[in-house]
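Undergrad: Here is a sequence together with a model predicted from it:
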Amino acid sequence: MTTAMATSQELAALITSKIDRGELTSGTRLSEVSLAEDLGVSRNTLREAFRVLSQDGLVDHIPNRGVFVHRFSKSDVNDIYAYRLFVELAAIRSAQDHPEQVERSLVQMRHAYQNAVAANEQGDWQTVGSENSAFHLAIVELAEVKRLVVEARKVLALARIGFLETRESETFHSPYVNLNGEILQRLERRDFKAAEDFLQEYLERSRQDLLSRLPEK
């Protein structure tokens, strides 16, 4: 990989992180000039990063208008949750084969859960949402497949766009904080089957919740 390519990939990852943190929301126009200046990169490198983000479904290029953070709709929901159900459940299913990775993932989950609990109590909804993504990324890491983690980070960022589009989006993740705690407890007991079953119900609930709270258009 050339330096330019590496830089564009790193830049795409940086913008993805901004989306996940709620700093860039659905429909936000990404100004090529100002963003390149703010990030200290060339406009050519930024264009390449936009191409990567477009392939990942995180931005939309509209001819003669520019590049925008993806405008999330209900059509995105089923695809995202089909992916999450397949990947996160499979990661838990394979966890018993990777005991050392389980320990590492549990550390990350505890950290994300504890941060979310504190943020939930303080009404810091942006942090609650970001820590939810971190918690579920740690679940994916149970599978100990680096490429899977890279792709899951993009899917979770796309889901984050959707969560921020919902009615009362500030509190969307609030009830899921305790549910993440329930998953954590099952994994700490190494009761992987119970954790998998609980997560399946959790994701189905989240999918229906997201669908019901998204605007019609």
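TA: Arrived safely, thanks for sending.
Undergrad: Need the distance between the two termini of stretch 48-67.
TA: Separation of the first and last residues of stretch 48-67 by C-alpha to C-alpha, to the nearest Å is 12 Å.
Undergrad: In it, which residues are buried?
TA: Buried positions in stretch 48-67, judged by neighbour count with 16 or more other C-beta atoms under 10 Å: Glu48, Ala49, Phe50, Val52, Leu53, Asp56, Gly57, Leu58, Val59, Asp60, Val67. For the C-beta atoms, the positions are set from N, CA and C on the backbone; glycine is no exception.
Undergrad: Format those as CSV; extra columns: pLDDT.
TA: Formatted as CSV, the buried residues of stretch 48-67 follow (pLDDT from 0 to 100):
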residue, pLDDT
Glu48, 92
Ala49, 92
Phe50, 93
Val52, 92
Leu53, 93
Asp56, 89
Gly57, 91
Leu58, 93
Val59, 93
Asp60, 93
Val67, 94
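Undergrad: got a markdown table for those residues, with secondary structure and distance to Glu37 too?
TA: Converted to a markdown table, the buried residues of stretch 48-67 look like this (DSSP: H, G, I helix; E, B strand; the rest coil; distance: C-beta to C-beta, whole Å):
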| residue | secondary structure | distance to Glu37 |
| --- | --- | --- |
| Glu48 | helix | 17 |
| Ala49 | helix | 14 |
| Phe50 | helix | 15 |
| Val52 | helix | 20 |
| Leu53 | helix | 18 |
| Asp56 | coil | 24 |
| Gly57 | coil | 26 |
| Leu58 | coil | 21 |
| Val59 | strand | 19 |
| Asp60 | strand | 22 |
| Val67 | strand | 16 |
